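Asker: Here is a sequence with its predicted model. Questions after.
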Amino acid sequence: MDIELNDGVSFDIFKAVSIQCPVIFTTSYDDYLLNAFDSNGIDYILKPISSEKIKQAFEKYEKMKTHFQMPLLENFGISNPSKDRIVAKKGIEYYSIPINQISHFYSENKLTFLINTENQRYIVDYTLSDLEKILNHKEFFRINRQCITHVNAVRKFKSIDKGKIQLTLHPDSKNNFIISQENASSFKHWLGK
């Protein structure tokens, strides 16, 4: 991302839109260095830009991606980031729930719950952020801060005010889940629309 644009500096974009991806900044000046690292910056290339500098920046990105992914998975004792089943608790008993029998996960009062396809509720020892890292992203999508759903649980959805999406899950058809405008496009892409 070039910092100096015709209508101002690119940092204004970060004030208007939530950007989660790493950014490589380019500029003619070193005045913006601290702003760049406050805005997901992973590298800062001064002009004139050479292909070697671009190559080094992308190599840095690949090293960082590998560094932050693998140790995190190992910290949770996970060697394969895609699980086939989740261990969940109901009362004092533990159950091994196959992934294809999960409707969705949601958090409430600092607990994480699993709802299976039969609308039975269990407690899991993962946070939603933990689950996001270990579940197959083709099958599961984090629709908001409180919920991750399985693709087969999506019963119907519709657009509502300001580009948000209202989602109804099966078997939990009594609750409507809201997907933000920022995540609406990703959700439709994930669902194959």
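Answerer: Arrived safely, thanks for sending.
Asker: Distance check, K188 against Y29.
Answerer: 40 Å (C-beta to C-beta, to the nearest Å). All C-beta atoms are positioned from the backbone trio N, CA, C, and that covers glycine.
Asker: Between these two, which is the more surrounded one?
Answerer: K188 (14 against 10; other C-beta atoms under 10 Å).
Asker: what sits against the more buried one?
Answerer: Listed by C-beta atoms under 8 Å, 6 or more residues apart in numbering, the contact partners of K188 are I165.
Asker: Shouldn't it be within a helix?
Answerer: Yes. The assignment for K188 is a helix, going by DSSP: H, G, I helix; E, B strand; the rest coil.
Asker: May I ask which helix or strand of this structure has the lowest mean pLDDT?
Answerer: Across the helices and strands of the chain, mean pLDDT, DSSP states H and E gives its lowest value to helix 51-75, namely a mean of 71.
Asker: where's the very next helix or strand once past it relative to the chain centroid, distance-wise?
Answerer: Once the chain leaves helix 51-75, the next helix or strand it forms, by DSSP states H and E, is strand 85-90. Here the centre of strand 85-90 is set off from its chain's centre by 22 Å, with C-alpha atoms, centre = their mean, to the nearest Å.
Asker: just stretch 158-175 next, same as before
Answerer: 19 Å.
Asker: close enough to count as contact, I24 and N40?
Answerer: No. Contact criterion C-beta atoms under 8 Å: I24 and N40 do not qualify, at 9.9 Å.
Asker: The chain: helices as residue ranges?
Answerer: Under the criterion DSSP state H, the chain carries helices at the ranges 11-16, 33-38, 51-75, 128-134, 181-191.
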